[in-house]
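**Student:** heads up, no residue letters with this:
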């Protein structure tokens, strides 16, 4: 089951919120790195979904053009 963009963003927000209340510098830094990593995964997933939709649309258009040519 593919992980959703919303899940990645929720994890990033959770890490950022925990970093704000952390008293330990090293824990705060780790949480901020984690938040950045989760955001990066959300962005990559979003680009992947966008690219997949674009490719599917192109293939659909190609099929329609072929169908019109043969008709």
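**Tutor:** Yep, it's here. Keep in mind it's a predicted model, so treat the numbers as computed, not measured.

**Student:** any weak-confidence spans in this structure?
**Tutor:** Residue ranges of the chain with pLDDT under 70: 1-2.

**Student:** apply 80 and report the result again.
**Tutor:** 1-3, 71 (pLDDT under 80).

**Student:** check it for its longest helix and report it.
**Tutor:** helix 25-70 (DSSP state H).

**Student:** ok now it, how far from the chain's centre?
**Tutor:** Helix 25-70 has its C-alpha centroid displaced from the chain centroid by 6 Å (Cα atoms, centre = their mean, to the nearest Å).

**Student:** which secondary structure elements does it contact?
**Tutor:** Judged by 3 or more Cβ pairs under 8 Å, 6 or more residues apart in numbering; DSSP states H and E, the packing partners of helix 25-70 are helix 5-21. For glycine as for every other residue, the C-beta is placed from the backbone atoms N, C-alpha and C.

**Student:** coming back round to it: just the angle for the longest helix of the chain relative to helix 5-21, thanks.
**Tutor:** Counting by axes from the mean of the first three to the mean of the last three Cα atoms, to 10 degrees, helix 25-70 points 160 degrees away from the direction of helix 5-21.

**Student:** just checking, residue 8 touches residue 41?
**Tutor:** Yes - counting by Cβ atoms under 8 Å, residue 8 touches residue 41, with 4.7 Å between them.

**Student:** neighbour count winner among the two?
**Tutor:** Shown here are residue 8 and residue 41; by other Cβ atoms under 10 Å, residue 8 has more neighbours (20 against 17).
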